[in-house]
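S.K.: generate a structure from the sequence data that follows.
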Amino acid sequence: RVEKLTSLIEQATENRTTEAFDGVGPLLARLNESRQAAGLVARIRRLVDRPNLFLHVDEKLLATAVNREVDRVAPVNEIVLGTPVRGVGRTSGLVLLDFLPATDRAVTQLTFTATNRATTRSSKGPVTVCSEGQTELFAQRRIFIDDERISTEPITASASTNTRTTGIGISKRFGRNLIRRIASKKVAEIRPRAEAVSERKARAKVRREFAQETSAAIAKASRDYQQKFREPLQERGWYPELLRLSTTSDRLAVVARKAISDQIAAFSEPPAADPDAVRGVRLHETVVNNAAAITLAGRTITQEFVEAELKARDGTLPESLASDPEQPPWSITFAKQKPIELDADDGRIKLTIRGSRYTSGERSFPAMDIWVVYRIESEAGETRLLRDGEVQIYPPGFEPGGKAKLSVAETSLRRILQKRFGRVFKEVVDIE
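M.R.: Take a look at the predicted model:
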């Protein structure tokens with residue numbers, strides 16, 4: 001096994017293709033299970049177990065959905081130092097999303113900054129005090145995303161209030177000047193305490209309102225992270241063995257590796273990300289190949305199952321996958337090795353589906369490989385796939401144009417599959 005592994009690695013190092021590494025994963029798994037050549041296995045794992053999925057999202061993309069102006073008017077109805085205070089206040093400010101640098105998780109921050117300007121009246125006995133107040137409001141909440149959950153820190157909030165008296169009214173006819181002088185002196189004395197009370201109330205209010213405005217959205221995102229991301233991937237065996245999230249001041253990045261013990265991941269560095277792209281995906285072909293092998297190797301999928309799954313997921317069935325009333329129900333049994341294979345190279349991708357058995361109604365057909373080639377074109381910030389020729393359907397190992405001829409059963413199956421997969425693999429696929 002060690003000699004065979006060494007030979008495979010030498011050949012693969014020269015060719016640097018996924019096919020060249022065929023057999024490396026199973027050999028590594030068997031050597032590991034038997035606890036042989038631990039040092040060699042570790043060195044090769046470092047070579048062929050590099051991350052095979054890279055994602056990034058620019059802060060600006062998420063900020064456009066979160067950042068907003070706040071401008072609201074609300075009545076003031078409070079008790080400050082035992083005195084009713086009535087009036088109206090206007091709050092103007094911003095809610096902003098920011099990324100914070102972190103290497104062990106993604107950290108985002110929601111910040112609310114605003115100014116409240118209020119005009120109020122407070123009455124006690126014969127004295128009515130008219131005031132104007134300005135309160136600077138601040139609330140902030142940090143959100144953390146790692147490979148297990150979305151969590152938050154408690155909200156931090158602050159408020160700073162300054163007031164000024166705009167007038168003092170006296171309801172008594174006699175002794176107004178004396179009462180006004182006493183009231184003015186009293187207002188000046190209690191102003192620091194009154195402002196402190198107002199700040200405390202404003203701080204509690206802004207914390208409460210910010211929690212109400214953000215908690216529901218964060219809770220939904222947390223549920224979706226579990227129910228729509230982690231749990232479905234875990235159920236299918238697709239959850240990556242490595243999932244690392246991080247943030248810089250302007251970008252969120254995800255680095256992942258999907259490869260179980262008898263599989264390999266990427267064996268080369270990814271291409272550089274476009275620094276101007278607000279979002280990007282760099283996907284090594286082993287992500288698709290490994291996930292497909294885990295889920296589909298040797299498995300039989302029926303038309304009824306596919307239709308039920310798609311309807312349960314999206315509520316609708318794509319026209320390209322709808323049943324053909326002229327054809328009986330079909331099924332495909334995927335090959336045990338490489339049931340689906342993605343091969344990407346030089347601006348082109350080739351997708352191959354390998355079936356070891358097909359059925360159409362009561363009829364059964366032998367193995368057949370289906371493949372399609374697409375060219376990748378990018379223009380004006382948009383990417384699309386252009387199909388290169390027709391969908392190809394031939395038995396395993398068959399060479400089109402060679403001496404061998406298709407059997408009657410193979411010709412019949414080929415015709416059925418061409419009709420169906422010609423609809424599935426469209427000539428133009430827009431990447432959104």
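S.K.: how many neighbours does Gln303 have?
M.R.: A count of nearby residues for Gln303, using other CB atoms under 10 Å, gives 19. For the C-beta atoms, the positions are set from N, CA and C on the backbone; glycine is no exception.
S.K.: buried stuff in the helix or strand harbouring Leu62?
M.R.: In the assignment (DSSP states H and E), Leu62 maps to helix 59-66. For helix 59-66, a neighbour-count test (16 or more other CB atoms under 10 Å) marks 59, 62 as buried.
S.K.: can you pull out the helices in the stretch 301-432 of the chain?
M.R.: Along the stretch 301-432 of the chain, counting by DSSP state H, counting those that start in this stretch, helices occupy 303-314, 408-424.
S.K.: also the stretch 51-200 of the chain?
M.R.: For the stretch 51-200 of the chain, applying DSSP H, counting those that start in this stretch gives helices covering 59-66, 176-224.
S.K.: so which of these comes closest to Ile332?
M.R.: helix 176-224 (31.8 Å; CB to CB).
S.K.: next, the angle from the closest one to helix 59-66.
M.R.: 120 degrees (axes from the mean of the first three to the mean of the last three CA atoms, to 10 degrees).
S.K.: helices or strands next to helix 176-224 in the packing?
M.R.: Identification of packing neighbours for helix 176-224 by 3 or more CB pairs under 8 Å, 6 or more residues apart in numbering; DSSP states H and E yields strand 68-80, strand 106-124, strand 127-145, strand 150-152, strand 156-170.
S.K.: mind checking the end-to-end distance for stretch 398-406?
M.R.: End-to-end distance of stretch 398-406: 9 Å, with CA to CA, to the nearest Å as the criterion.
S.K.: so which bits of that stretch are buried?
M.R.: Using 16+ other CB under 10 Å as the test for burial, stretch 398-406 gives Leu406.
S.K.: what lies in contact with that stretch?
M.R.: With CB atoms under 8 Å, 6 or more residues apart in numbering as the test, stretch 398-406 has contacts from 392, 394-395, 414.
S.K.: now the helices and strands packed on helix 176-224 as a markdown table including mean pLDDT and distance to Asp343?
M.R.: Below are the helices and strands packed on helix 176-224 laid out as a markdown table (pLDDT from 0 to 100; distance: least, CB to CB, whole Å):
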| stretch | mean pLDDT | distance to Asp343 |
| --- | --- | --- |
| strand 68-80 | 93 | 45 |
| strand 106-124 | 96 | 32 |
| strand 127-145 | 96 | 33 |
| strand 150-152 | 97 | 36 |
| strand 156-170 | 94 | 52 |
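S.K.: same for the helix holding Leu62, what does it pack against?
M.R.: When contacts are defined as 3+ CB pairs under 8 Å, 6+ apart, helix 59-66 sits against strand 83-100, strand 251-257.
S.K.: and it, average pLDDT?
M.R.: On average, the pLDDT along helix 59-66 is 92.
S.K.: what's the answer for stretch 311-326, then?
M.R.: Per-residue scores along stretch 311-326 average to 66.
S.K.: measure that stretch end to end?
M.R.: So stretch 311-326: terminal residues 22 Å apart, CA to CA.
S.K.: quick check, Thr352 in contact with Glu341.
M.R.: Yes: when contacts are counted by CB atoms under 8 Å, Thr352 is listed as touching Glu341 (4.5 Å).
S.K.: what's the closest non-adjacent residue to Leu386?
M.R.: Arg375 (4.7 Å; CB to CB, 6 or more residues apart in numbering).
S.K.: contacts only, for Val373.
M.R.: 348-350, 387-389.
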